[in-house]
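Student: quick one, structure for this:
(chains A, B, C and D, ligands or ions: 6)
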Amino acid sequence: MNLSVSIGKLTLQNPVMVASGTFGYGVEYSRLLDLNQLGAVVVKGIRLGPVRGNPTPRTAEVTSGMLNAIGLQGPGVDGFVEKYWPFLKSLRVPSIINIWGTTVEEYAEVARRFDAVGGVGALELNVSCPNIKEGGAQFGTDPKLLARVVAACRKATTLPLITKLSPNVTSVVPYALAAEAEGSDALSITNSFPAMAIDIETRRPKLANVTGGLTGPCIKPIAIKLVWDARRAVKIPIIGMGGIQSAADAIEFFLAGANAVAIGTANFYEPQTALAVIAGIQDYLQCHNITDIRELTGAVRLS
Amino acid sequence: MNLSVSIGKLTLQNPVMVASGTFGYGVEYSRLLDLNQLGAVVVKGIRLGPVRGNPTPRTAEVTSGMLNAIGLQGPGVDGFVEKYWPFLKSLRVPSIINIWGTTVEEYAEVARRFDAVGGVGALELNVSCPNIKEGGAQFGTDPKLLARVVAACRKATTLPLITKLSPNVTSVVPYALAAEAEGSDALSITNSFPAMAIDIETRRPKLANVTGGLTGPCIKPIAIKLVWDARRAVKIPIIGMGGIQSAADAIEFFLAGANAVAIGTANFYEPQTALAVIAGIQDYLQCHNITDIRELTGAVRLS
Amino acid sequence: MVEQPVQVISNERDTDAYFRLVLRAPEIARATQPGQFLHLRIPPLRDALLRRPFSIFQANGETVSILYKTIGKGTDMLARMGAGEELSAIGPLGHGFTVPARGGETPLLVAGGYGMAAMYLLAERSPQKGIVFVGGRRRVDILCEAEFRKLGWDVRVATEDGSYGEKGLVTQPLLAEIQNPKSKAESARPAKQIQNPKLFACGPTPMLKAVAKIAEEHKLAAEISMDEHMCCGVGVCLTCVIPVKTASGWEYQRTCTEGPVFDSREVVWEVAK
Amino acid sequence: MVEQPVQVISNERDTDAYFRLVLRAPEIARATQPGQFLHLRIPPLRDALLRRPFSIFQANGETVSILYKTIGKGTDMLARMGAGEELSAIGPLGHGFTVPARGGETPLLVAGGYGMAAMYLLAERSPQKGIVFVGGRRRVDILCEAEFRKLGWDVRVATEDGSYGEKGLVTQPLLAEIQNPKSKAESARPAKQIQNPKLFACGPTPMLKAVAKIAEEHKLAAEISMDEHMCCGVGVCLTCVIPVKTASGWEYQRTCTEGPVFDSREVVWEVAK
Ligand SMILES: Cc1cc2nc3c(=O)[nH]c(=O)nc-3n(C[C@H](O)[C@H](O)[C@H](O)COP(=O)(O)OP(=O)(O)OC[C@H]3O[C@@H](n4cnc5c(N)ncnc54)[C@H](O)[C@@H]3O)c2cc1C
Ligand SMILES: Cc1cc2nc3c(=O)[nH]c(=O)nc-3n(C[C@H](O)[C@H](O)[C@H](O)COP(=O)(O)OP(=O)(O)OC[C@H]3O[C@@H](n4cnc5c(N)ncnc54)[C@H](O)[C@@H]3O)c2cc1C
Ligand SMILES: Cc1cc2nc3c(=O)[nH]c(=O)nc-3n(C[C@H](O)[C@H](O)[C@H](O)COP(=O)(O)O)c2cc1C
Ligand SMILES: Cc1cc2nc3c(=O)[nH]c(=O)nc-3n(C[C@H](O)[C@H](O)[C@H](O)COP(=O)(O)O)c2cc1C
Ligand code: FES
Ligand code: FES
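Tutor: Ligands and ions are numbered 1, 2, ... in the order given. I've put the predicted structure just below:
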């Protein structure tokens, strides 16, 4: 049974990753599960310098999901390389670095810096974080700006590039096409949805940042549709995510058109989810006499 | 305690309606609850002629919500007036007619016809149904087209006009502004979200229409954000909806900026929801010493 | 039709994956007609919001019962509920079977799997006794045979794997009976001579389609209960529609209100799934 | 730190809205240090996905227990769970209290409401006995006083409504004791002479802030356990941060990993909520 999939020149032993921002820098979960069984570890978003992040409360529970407005707290490139890279480098599975900036130049510069680090599996361009004032989502909701970010990063690195698209658009297709045209090796679909919750007793927003990003099982049907839309538009691999908590959820993403998947919010409540999803995918393939996971991609039946 | 609110020249005894497409033509639920206690009844979308609708399956259950692709099955203006209007006219609470068309002219014509019917409470322009090929959402995802539809209907009728916005846009603000500028008396926010689900055993989409609209508690945080965004842009009343199943949910919409609310999907699983929400709002106002529901609109605390 | 909280009186396994749930629901019990259904909300599901429809199997005084098969999260959760727990029920819903009149047509009931549940009240309330043809995949899919016999009905069983009764589809013994009354009677006592038969069917759509075809070919009336996916159960959402003939062609009609029981000749089978 | 299914051994009401839940969790029990916490998944919540953090109240052999207050959907659901039911637990988590050394500082424990839960193991394992100052709104908010007395600790109670112990905030008797040892001892037996006191506190943030201020003014060390909203509980999501001093200013640090126990002097109270 073949479970391995490729993202540009990067080959993954299996198609199940953990999503940026939901798995820290890997080390935190290493006592609860064997990271070397994952397809890849995607780390929390990093920009050039350190970022303090938003005031608290930063997350809130909502029906079948959660809101977050962390504000991309992080150590910056140097801090990351110093504190977290030695551990990540020691893993047998690739690490994918989620990067962002407030200007096209900053994105390119971060990409360049990680190109030089050596051993990085791929870069994931976060052009879709709804929780920061500058940068993030603004690049993900204007196809021209998106094209410029991808083009600049493409020039700055030979690492595989993954563009993480925003769900907050009328159609994901122009964005998927722009990323593909500018040399992105793959797409990640999707990031969190702009959303809000209010405590009716205090009358305050449940997040200090007022609004935040919605993730978890509640968004899965929207994410599946986005993957399905993008799949018919582009040829490059798609990493599907949004509410996956079981192998069945992951398989739904494959059928819609994903080549790989990432587990996000579910890590918080069931840290073993990614491993359970890998095992469950194997069972499903076996039960259905499928020898290669790649046969599932886009295999939804329409007639 | 004042619960009454106004939508243009229409006054509602209380701010709790039932959403279009989730309450049929009123008569169906009349054996289960006293419709005269509602703020208003909003009927299923109607175009000029009869509409057969989509093949089945038309709905599917998803986590904390559902998908639908009914395809606006309906009797057309004449069929509606003949079969359902006598009952609706006999109610003491206003009926709001949800209308649509495949051209600007058809929207205007339907509006004109209902102007002539006599006794209609208001018209709600559905420019946001994701489940039909022509018409519906295309008018709701292009601010210029939206402006034309609203302007044409404004000319065609003196009835209060409510524009029901699509959630499937990067920012709801230009749409809210366009509707207000062209004379819409109020906004309904929000309709269902384009989404999809696949049965992993049959590999078929769970809806015959492949994609459909996501509704129910799962979308509430996105809907709250849309209301909050629109509230800061326009002065006209907003009817908030999306996943309301309790008075607490409704109050969250008021705090975010709604002047009234509508119960949708919850009718299907708890037909008494609207009445429970009205009672719960009264309790809340009493507990918090608020004498007028209008004080709640937009009263989220930000400092 | 009412919506009300109802208490579980008992909930017991019948065979294999089938359970019988008895609920205290006096108002619903009183109003129930054969072929009508209940729409149940199963509160512990929480993130699965919608109600589930079930034929009313029996209705006696204060109670109604359903006979259900566990096939997914709702029915699995239902099977875990115990006496005293509460559900919310809407019912009785839908347009049921026409109860045969004394001395009129002889009812031939055809049921597949849990389709038997929709048939019991019809058999119980029909002054005219007849034959029940019951089919299923395996022996465990043949439900409440004894109860129908107790009502004095002739029961003919077919299983696809031949583990019980005749091997094959339930429509085989039905067809045999229609073509040649008595010929395949598996029961020991002689079958009544079938006078002017009328078919009543409930089961999976392919079975209903086959019954409709037999009815058409033999110019018999057939009332069939359609098992369509439902959402509201009361006619407002337009989920549960099937194509029904009209003067000018066909239109979608609601299984939950115009049905679930339709005259088989009204259904446009080429369009129906 | 492990993640594992844990069985409910007992779950009983303590006072009013407070319950004690005993779980079978040998590995967690063995590893627990005072001030650490459990992160519990409550499966029947279903549409409320996230785990809930609770201080480990007691840890004995095979079992750990928590002392919790029902304040919302998770704790309400927890209160309905019975012996034999399963939860999923991650623990022990976080950086706990420094257990006082024999002959060293005298521990003064300050707890508000369920803050008492975080204190028991500290008192139990501290070779040096001291005083527990416990506060709450009403008498029912004063928890496990007897258990602390049984450990040989002096317990001083304050309630805001004066229904039990001293009327007022818990920091009043604390302050009085620090300023003038013995003066306000409500207990009959004479209070020990306080040598070189060190504060340990757990409770609502305003209380911790007041304790930190007292510590600062009296140049005492204070370890405080912060009650921050949490999500992952293991350091990956960055939900639970508080502002902590650094060489060049301050940064957000994680309550679930760098805390929940911090040195009160490290916290930037002007920024903390
Ligand atoms: C009028 C009517 C009467 C019914 N009477 C009975 C009865 O007496 N006894 C009984 O056991 N069942 C009856 N059913 C079917 C019953 O409603 C479903 O089995 C139930 O809703 C399944 O719920 P679930 O949550 O367990 O399944 P889900 O988890 O919702 O679904 C599990 C799987 O079953 C499929 N499924 C769901 N509903 C149906 C359906 N109606 N038909 C076929 N496949 C379905 C789903 O697509 C999915 O693949 C009746 C249905 C109708 C419309
Ligand atoms: C390290 C740590 C240790 C804890 N130890 C204990 C303990 O020993 N005993 C105990 O009873 N509780 C303890 N708590 C608090 C406990 O985690 C919350 O009470 C619980 O998560 C509430 O869950 P719920 O689903 O009942 O409330 P929800 O329904 O989620 O929320 C109900 C209301 O309570 C508020 N709320 C939720 N969590 C908190 C919180 N942590 N602090 C203040 N308000 C909150 C919400 O904003 C909301 O208004 C601890 C918290 C932390 C961070
Ligand atoms: C707390 C939190 C932090 C996140 N941080 C990032 C981030 O730094 N960069 C990024 O691209 N996505 C980030 N995401 C988005 C996730 O990677 C993922 O796209 C999203 O959560 C959808 O998947 P899920 O529903 O499985 O969680 C974050 C999500 C959460 C919940
Ligand atoms: C089955 C179904 C049919 C609907 N039909 C219509 C319609 O005809 N016209 C319309 O404007 N909205 C329609 N809607 C959208 C609802 O009116 C409402 O905007 C949406 O369901 C969000 O609210 P909810 O989450 O409370 O259901 C429909 C929704 C559902 C679930
Ligand atoms: S199930 Fe809603 S109309 Fe029949
Ligand atoms: S709760 Fe996630 S980092 Fe602390």
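
Student: any part of stretch A:199-212 near chain D?
Tutor: No: legend: contact between stretch A:199-212 and chain D by Cβ under 8 Å from any Cβ of the partner chain is lacking; minimum distance shown is 8.6 Å. Any C-beta I mention is one placed from the backbone N, CA and C, and that applies to glycine too.

Student: from the rest of the structure, what touches that stretch?
Tutor: Residues outside stretch A:199-212 that contact it (Cβ atoms under 8 Å, 6 or more residues apart in numbering or on different chains) are A:54-60, A:67-69, A:71, A:130-131, A:192, A:194-198, B:225, B:228, B:248, B:251-252, B:255, B:284, B:299-302.

Student: over to stretch A:285-293?
Tutor: Stretch A:285-293 is contacted from outside by A:1-5, A:14-15, A:254, A:281, A:284, A:296, using Cβ under 8 Å, 6+ apart.

Student: correct me, but C:M1 touches C:G94?
Tutor: No: using Cβ atoms under 8 Å, C:M1 is not in contact with C:G94, being 9.6 Å away.

Student: between those two, which one's more packed in?
Tutor: Using other Cβ atoms under 10 Å in any protein chain shown as the criterion, C:M1 and C:G94 rank with C:G94 on top: 30 against 18.

Student: contacts only, for that one.
Tutor: C:G94 touches C:35-37, C:255-257, C:259-261, counting by Cβ under 8 Å, 6+ apart.

Student: save those residues as CSV, and put in pLDDT and neighbour count too.
Tutor: Formatted as CSV, the contacts of C:G94 follow (pLDDT from 0 to 100; neighbours: other Cβ atoms under 10 Å in any protein chain shown):
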residue, pLDDT, neighbour count
C:G35, 97, 25
C:Q36, 98, 25
C:F37, 98, 27
C:T255, 97, 27
C:C256, 97, 27
C:T257, 97, 18
C:G259, 94, 25
C:P260, 97, 28
C:V261, 98, 25
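
Student: can I get the CA coordinates of the one helix or strand C:M207 maps to in PDB?
Tutor: Here C:M207 sits within helix C:205-217, counting by DSSP states H and E. Only the C-alpha atoms of helix C:205-217 are listed here, as PDB (Å, rounded to 0.1, in the frame of the first residue of the first chain):
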ATOM      1  CA  THR C 205     -37.200   2.000  -3.100                       C
ATOM      2  CA  PRO C 206     -36.100  -0.700  -5.500                       C
ATOM      3  CA  MET C 207     -38.600  -3.000  -3.800                       C
ATOM      4  CA  LEU C 208     -41.300  -0.400  -4.100                       C
ATOM      5  CA  LYS C 209     -40.500   0.000  -7.700                       C
ATOM      6  CA  ALA C 210     -40.800  -3.700  -8.300                       C
ATOM      7  CA  VAL C 211     -44.100  -3.800  -6.500                       C
ATOM      8  CA  ALA C 212     -45.400  -0.900  -8.600                       C
ATOM      9  CA  LYS C 213     -44.400  -2.800 -11.700                       C
ATOM     10  CA  ILE C 214     -46.200  -5.900 -10.600                       C
ATOM     11  CA  ALA C 215     -49.300  -3.800  -9.700                       C
ATOM     12  CA  GLU C 216     -49.200  -2.100 -13.100                       C
ATOM     13  CA  GLU C 217     -48.800  -5.400 -15.000                       C
END
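
Student: give the buried residues for that helix.
Tutor: C:205, C:207-212, C:214-215 (16 or more other Cβ atoms under 10 Å in any protein chain shown).

Student: show me the shaky parts of the chain.
Tutor: Just so you know, I chose chain A. For chain A, the stretches flagged by pLDDT under 70 are A:129-137.

Student: please go with chain C instead
Tutor: Regions of chain C meeting the criterion pLDDT under 70 cover residues C:182-194.

Student: how about the helices in it?
Tutor: Taking DSSP state H to define them, one finds helices in chain C at C:26-31, C:73-79, C:116-125, C:145-150, C:171-179, C:205-217.

Student: circling back to that earlier point, export the buried residues of helix C:205-217 to CSV and append columns for distance to D:I242.
Tutor: Listed next are the buried residues of helix C:205-217 as CSV, based on distance: Cβ to Cβ, whole Å:
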residue, distance to D:I242
C:T205, 61
C:M207, 65
C:L208, 65
C:K209, 67
C:A210, 70
C:V211, 70
C:A212, 70
C:I214, 75
C:A215, 75
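
Student: which among the residues you listed gets closest to ligand 5?
Tutor: C:T205 (16.1 Å; Cβ to the nearest ligand atom).

Student: surely the closest one touches C:V267?
Tutor: No: when contacts are counted by Cβ under 8 Å, C:T205 is not listed as touching C:V267 (9.9 Å).

Student: what about the residue of chain A positioned farthest from its centre, which SS state?
Tutor: Relative to the centre of chain A, the most outlying C-alpha is that of A:E201, 34.7 Å out, by Cα atoms, centre = their mean. Per DSSP: H, G, I helix; E, B strand; the rest coil, the secondary structure class of A:E201 is coil.

Student: quick one: whatever residue of the stretch 101-250 of chain C ends up closest to chain B and C:H95, what's the gap?
Tutor: Closest contact between the stretch 101-250 of chain C and chain B, by Cβ to the nearest Cβ, is at C:V236 (3.4 Å). With distances taken as Cβ to Cβ, to the nearest Å, C:V236 is found 16 Å from C:H95.

Student: ok, C:D76 next?
Tutor: Counting by Cβ to Cβ, the gap from C:D76 to C:H95 is 30 Å.

Student: buried set for the lengthiest strand in chain C?
Tutor: Criterion DSSP state E: the longest strand present in chain C is strand C:2-13. Using 16+ other Cβ under 10 Å as the test for burial, strand C:2-13 gives C:3, C:6, C:8-9, C:11.

Student: OK, contacts around the residue in the stretch 51-200 of chain C positioned nearest to ligand 4?
Tutor: Closest residue of the stretch 51-200 of chain C to ligand 4, Cβ to the nearest ligand atom: C:R51 (14.0 Å). Counting by Cβ under 8 Å, 6+ apart, C:R51 touches B:268-269, C:39-41, C:88, C:90, C:230, C:232-233.
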